[in-house]
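Engineer: predicted model follows, preceded by the sequence.
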Amino acid sequence: MTLYSFIFLFSIGGLTGLIIGSLAPNLHLHGTYFIVGHFHYVMAGTTLFALLGGLYYWWPKITKRLYNEKLAIFTFFFSFLGFNVLYFPYFFLIDMPRRISSYAASPEWGGLNFMATVGAFVFGPAVLLTIINLILSYRKNAQSGPNPWGAKEMEWTGDYSGQAAASDSHPAAESSSTNANADSSVAIDKSKALNLEA
């Protein structure tokens with residue numbers, strides 16, 4: 001889910017970047033809240049949702065604890081909704097200058113800024129709930145097991161608690177090749193894997 005949100009947010013940021021990359025619109029939009037919206041979609045949204053996706057995927061491997069998956073899905077959707085309600089109205093504030101702390105009562109600016117404020121009050125608590133979910137999962141003793149996602153990548157087959165580097169055993173990789181000559185499991189030779197032999 002976070003991958004699709006990353007692609008969606010980066011696409012919006014990229015398309016708005018095409019608009020301000022042209023000289024004529026940039027002369028009008030430079031210094032307005034359109035630029036703020038573009039910046040936050042490209043830099044904040046994509047980074048945050050990629051970070052959340054990575055955290056949720058790797059959290060069981062890092063901490064050996066499971067988090068509340070229903071709460072994680074709930075917080076993801078509210079984070080995504082809150083982020084878009086917060087920053088999407090900025091694209092319509094094309095005549096509101098940046099870096100102002102107050103503005104005159106304006107029907108165009110007031111409604112869109114109120115919508116952005118509502119988005120902030122949804123987005124902020126959703127991110128806070130994500131952090132609370134991860135902290136509570138770390139404090140609980142719900143063990144994740146070696147591979148809670150059923151992943152087939154090698155990093156999920158071993159125990160990386162810090163003791164694995166001293167051992168001579170390595171996980172076996174299963175071949176997915178249909179070649180008749182391919183062995184179904186390949187043992188990793190430590191010296192070749194680390195390129196220690198000349």
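Structural biologist: Thanks, I have the structure now. Residues are numbered from 1 along each chain as shown.
Engineer: from S106, how far out is N147?
Structural biologist: 56 Å (CB to CB, to the nearest Å). To be clear about C-beta, it is placed using only N, CA and C from the backbone, and glycine gets the same treatment.
Engineer: quick one, longest helix in the protein?
Structural biologist: helix 107-139 (DSSP state H).
Engineer: average pLDDT for that helix?
Structural biologist: The pLDDT scores in helix 107-139 average 90.
Engineer: how far does stretch 41-56 sit from the chain's center?
Structural biologist: Remark: stretch 41-56 is offset 3 Å from the chain centroid, using CA atoms, centre = their mean, to the nearest Å.
Engineer: again with stretch 59-73
Structural biologist: The mean C-alpha position of stretch 59-73 is separated from the chain mean by 15 Å, CA atoms, centre = their mean.
Engineer: in that stretch, what counts as buried?
Structural biologist: The neighbour-count check on stretch 59-73 (16 or more other CB atoms under 10 Å) flags W59, P60, K61, K64, R65, Y67, N68, L71, A72 as buried.
Engineer: what residues does the helix or strand where the first one lies touch?
Structural biologist: According to DSSP states H and E, W59 maps onto helix 46-63. Applying CB atoms under 8 Å, 6 or more residues apart in numbering, the contact partners of helix 46-63 are 1-3, 5-6, 9-10, 13, 65-67, 72, 76, 79-80, 83, 127, 130, 134, 137-138, 144-145, 148-149, 155-156, 160.
Engineer: now intersect the residues you listed with the helices, please.
Structural biologist: Of the contacts of helix 46-63, the ones assigned to helices by DSSP H are 2-3, 5-6, 9-10, 13, 72, 76, 79-80, 83, 127, 130, 134, 137-138.
Engineer: of those, grab the buried ones for ChimeraX.
Structural biologist: Only the buried entries of the ones in helices among the contacts of helix 46-63 go into this ChimeraX selection, using 16+ other CB under 10 Å:
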select :2,5,6,9,10,13,72,76,79,80,83,127,130,134,137
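Engineer: how is this structure partitioned into domains?
Structural biologist: Following automatic domain parsing, one finds the domains of the chain at 2-139, 154-194.
Engineer: which of these has the lowest average pLDDT?
Structural biologist: Mean pLDDT across those is lowest at domain 154-194; the value there is a mean of 56.
Engineer: separation between I100 and L86?
Structural biologist: I100 is 18 Å from L86, where distance means CB to CB.
Engineer: looking at those two, which has the bigger crowd around it?
Structural biologist: L86 (23 against 8; other CB atoms under 10 Å).
Engineer: which ones are touching that one?
Structural biologist: L86 neighbours (CB under 8 Å, 6+ apart): A116, G119, A120, V122, F123.
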